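K.L.:
Provided below are the primary sequence and the corresponding predicted coordinates.
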Amino acid sequence: MKVLYLPLDSRPCNYVFPVQMARWSGAECAVPPLEMMDHFTKPGNWEAIRGFLEQEMENADALAVSIDQMCYGSLLASRENAVSLTEANARLEFLNRLHEKYPDKPIHAWNVILRSTISTLRLADREVYLAVTAYAESSDRYSLLHAEADRVRMEEAKAQIPPEILEQVNTVRRRNHRVNMRCLEWRKQGVISTLAFLMEDSQPYGFHRKEQRTLMQRMEGVQDTYLHNGADEGGCMGMAKALDAPSISVDVRWTGRPDGRFIAKFEDRQFSANLRDNMYYLGMREDENADIALVISSPPDGQQGDYHEEAYQIEPAALDAMAAEIEQLLSEKKRVYLLDELCANGGCPELLCRIDAGKLAGYSAWNTATNAMGTILGQIVTDALRDAPNVQLRNERFMDDMIYESIIRRSLDRELPAAGEDPYNLKDPEPVERTINERYRTLAGDPAFAGVFSAIREIGDGYMTLPWPRTFEVQAHNR
């Protein structure tokens, strides 16, 4: 099988992981070369990408496509107003032409419901980012609940936002929502075979909720349409969907909070609902007798921490109990995948060091809860097609999700501003990259991490690179 794939952007989570998964499963995967793709604030080259898609579609069996890349040039570009609604619709028309030419080839598409705030492209953007978030949340709450406290907070937050930024936010929201509505119409007409709307960086209240309510009303009765939290896992999920795998049975086990009833940071619904919807999207079934186990470590108190905003401590006794459950499953099951949701933006080192991590088939703990979850679900599907765990991908997730995100990046982001560097927009990434790898090698010799590194000997020789000039993500390389 050959899948033609257009990623959301050029970051590893979108450009590398899905391709790695597809090829591990035994499928071919065609993806536009990096020189055609976006890079940080520079959008993708649509003219070049369109030519690539036209050429490759002839020999492909399915297309997995990010609407945001197609219409705007990347996720970051989707928050800017450089592309008009007219131009976005013209680009979208390309899908209709592909469908007319290849009516039997499925098109699996996903698109983001714009988050309620702006991008943070530099440290100085942080204040406005928080003000727009507060304004979006309080204005939505006030429109629904009419509480005076929400009105006051709304006005206070609005006063902190430059008018031109608020105008851009509103313009972009209108454009993106209209594109989403048109995608839904094309799903109804059969141009698009499956369509997922993903809500990035959201809260229970915000600008996105009104758009979400409208879409959900229009989606009623329309098969193969989905709406849940996420964004950066869309490529892994879309790829797994395009591979058309048979239904997979998974034994879902919760550690910490026993039922998954918590609302993760940057999300607007119960995590268990997002898990259910994503498993349904991939045709997965829950079965306690399945050989595959997905273990989800969830916050015992129902409050998900964030490695980059606060110190979040789990009681040692709770970690011991979680580790004992995981070890028991490792002795019983054919394959065990660990999804660490104790904190956003990284995995819990104290938990991973308590288990024989080298026996895990897969691991995921990065960014937001559903980003991590969709990534590991995609791996479960592609591992099942190969009937073997993708150890390289697992090792790279240990390196990135736990060692970099939870330990190295956390300290780096505190130190760089004091040294005159902006972690959101690095003037000189090379010395920062060197520091990252020096600290990685130091951790490899730290007795506190001996359990992880000895169980996974291969990662001791790994290294990390910065795909973009910022510390938000690295690309882990497991030699």
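P.N.:
That came in fine, so what should we check first?
K.L.:
What lies in contact with the helix or strand harbouring residue 69?
P.N.:
Using DSSP states H and E, residue 69 sits in helix 67-71. Residues lying outside helix 67-71 but in contact with it, judged by C-beta atoms under 8 Å, 6 or more residues apart in numbering, are 6-9, 38, 44, 46, 49, 74-75, 77-78, 83, 88, 91-92, 94-95, 109-112, 179, 183. All C-beta atoms are positioned from the backbone trio N, CA, C, and that covers glycine.
K.L.:
what's the answer for stretch 471-479, then?
P.N.:
Under the criterion C-beta under 8 Å, 6+ apart, residues 11-13, 16, 392, 395-397, 399-400, 404, 409, 412-413, 416, 423-424, 426, 432, 436, 458-459, 461-467 lie in contact with stretch 471-479.
K.L.:
Generate a ChimeraX selection restricted to the buried subset of the residues you listed.
P.N.:
This is how ChimeraX selects the buried members of the contacts of stretch 471-479, with burial counted by 16 or more other C-beta atoms under 10 Å:
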select :11,12,13,16,392,395,396,397,399,400,404,409,412,416,423,424,426,432,436,458,459,462,463,464,466,467
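K.L.:
quick one: which of the contacts of stretch 471-479 sit in helices?
P.N.:
With helices identified by DSSP state H, the entries of those that belong to them are 12-13, 392, 395-397, 409, 412-413, 416, 432, 436.
K.L.:
would TSV of these with pLDDT and distance to residue 119 be doable?
P.N.:
Putting the ones in helices among the contacts of stretch 471-479 into TSV (pLDDT from 0 to 100; distance: C-beta to C-beta, whole Å) gives the following:
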residue	pLDDT	distance to residue 119
12	98	19
13	98	16
392	91	31
395	91	31
396	93	26
397	94	25
409	94	18
412	94	20
413	93	17
416	96	19
432	97	20
436	97	23
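K.L.:
Could you work out the most separated pair of these?
P.N.:
Of all pairs drawn from the ones in helices among the contacts of stretch 471-479, the widest gap by C-beta to C-beta lies between 392 and 416 and measures 30.0 Å.
K.L.:
pLDDT of stretch 234-252, averaged?
P.N.:
Rounded to a whole number, the mean pLDDT of stretch 234-252 is 97.
K.L.:
buried stuff in it?
P.N.:
Buried residues in stretch 234-252, defined by neighbour count with 16+ other C-beta under 10 Å: 234-243, 245, 248, 250-252.
K.L.:
try stretch 98-111
P.N.:
Applying a neighbour-count criterion of 16+ other C-beta under 10 Å, the buried positions in stretch 98-111 are 98-99, 102, 105-111.
K.L.:
now stretch 75-93
P.N.:
Along stretch 75-93, these residues count as buried under the neighbour rule (16+ other C-beta under 10 Å): 75-81, 83, 85, 88, 91-92.
K.L.:
so what secondary structure elements neighbour the helix or strand where residue 172 lies?
P.N.:
The secondary structure element spanning residue 172 is helix 163-189 (assigned by DSSP H and E). With contacts taken as 3 or more C-beta pairs under 8 Å, 6 or more residues apart in numbering; DSSP states H and E, helix 163-189 sits against helix 67-71, helix 85-101, strand 107-113, helix 126-145, strand 194-199, helix 207-219.
K.L.:
Can you check which of these gets nearest to residue 342?
P.N.:
Per C-beta to C-beta, nearest to residue 342 of the helices and strands packed on helix 163-189: strand 194-199, 21.9 Å.
K.L.:
could I get the buried residues of stretch 75-93 as TSV with distance to residue 192 and pLDDT?
P.N.:
TSV is the format used below for these (distance: C-beta to C-beta, whole Å; pLDDT from 0 to 100):
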residue	distance to residue 192	pLDDT
75	19	98
76	24	97
77	21	98
78	18	98
79	23	97
80	25	96
81	25	96
83	20	98
85	19	98
88	15	98
91	14	97
92	10	97
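K.L.:
Could I get the full set of helices for the stretch 301-450 of the chain?
P.N.:
Using DSSP state H, counting those that start in this stretch, the helices of the stretch 301-450 of the chain run over residues 316-332, 349-352, 369-386, 391-397, 409-418, 429-444, 450-455.
K.L.:
So what touches the shortest one?
P.N.:
Read it as helix 349-352. The set of residues that contact helix 349-352 without belonging to it, under C-beta under 8 Å, 6+ apart, is 297, 314, 316, 319, 322-323, 338, 340, 342, 363, 398, 402-403, 406-407, 448-449, 452.
K.L.:
where does this structure dip in pLDDT?
P.N.:
For the chain, the stretches with pLDDT under 70 are 310-312, 451, 454-460, 479.
K.L.:
For it, identify the residue most remote from the centre.
P.N.:
In the chain, the greatest distance from the average C-alpha position (C-alpha atoms, centre = their mean) is reached by residue 148, at 35.7 Å.
K.L.:
Spit out the contact partners of that one.
P.N.:
Applying C-beta under 8 Å, 6+ apart, one finds that residue 148 lies in contact with no residue.
K.L.:
would residue 82 count as being in a strand?
P.N.:
No. Under the criterion used here (DSSP: H, G, I helix; E, B strand; the rest coil), residue 82 is coil, not part of a strand.
K.L.:
Any figure for the gap between the residue nearest to it when sequence neighbours are not counted and residue 437?
P.N.:
Spatial nearest neighbour of residue 82, chain neighbours left out: residue 43 (7.1 Å); criterion: C-beta to C-beta, 6 or more residues apart in numbering. Separation of residue 43 from residue 437 (C-beta to C-beta, to the nearest Å): 30 Å.
K.L.:
swap in residue 20?
P.N.:
If you go by C-beta to C-beta, the gap between residue 20 and residue 437 works out to 21 Å.
K.L.:
repeat for residue 57
P.N.:
Counting by C-beta to C-beta, the separation of residue 57 from residue 437 is 40 Å.
K.L.:
Tabulate the ones in helices among the contacts of stretch 471-479 (a markdown table), appending distance to residue 304.
P.N.:
Written out in a markdown table, the entries for the ones in helices among the contacts of stretch 471-479 read as follows (distance: C-beta to C-beta, whole Å):
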| residue | distance to residue 304 |
| --- | --- |
| 12 | 24 |
| 13 | 19 |
| 392 | 29 |
| 395 | 25 |
| 396 | 24 |
| 397 | 19 |
| 409 | 18 |
| 412 | 22 |
| 413 | 19 |
| 416 | 25 |
| 432 | 28 |
| 436 | 26 |
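K.L.:
of those residues, closest to residue 309?
P.N.:
Closest approach to residue 309 among the ones in helices among the contacts of stretch 471-479 (C-beta to C-beta): residue 413, at 10.3 Å.
K.L.:
wait, doesn't the closest one sit right on residue 308?
P.N.:
Yes. Under the criterion of C-beta atoms under 8 Å, residue 413 lies in contact with residue 308, with a separation of 6.5 Å.
K.L.:
How far off centre is the helix or strand where residue 250 lies?
P.N.:
Assigned by DSSP H and E, residue 250 belongs to strand 249-256. Centre-to-centre, strand 249-256 and its host chain are 21 Å apart (C-alpha atoms, centre = their mean, to the nearest Å).
K.L.:
Mind listing what's buried along the helix or strand just after it?
P.N.:
The element immediately downstream of strand 249-256 (helix or strand, assigned by DSSP H and E) is helix 271-282. When neighbours are counted by 16+ other C-beta under 10 Å, the buried residues of helix 271-282 are found to be 271-272, 274-279, 281-282.
K.L.:
Give me the angle between the helix holding residue 172 and strand 194-199.
P.N.:
Here helix 163-189 runs at 160 degrees with respect to strand 194-199, directions being taken by axes from the mean of the first three to the mean of the last three C-alpha atoms, to 10 degrees.
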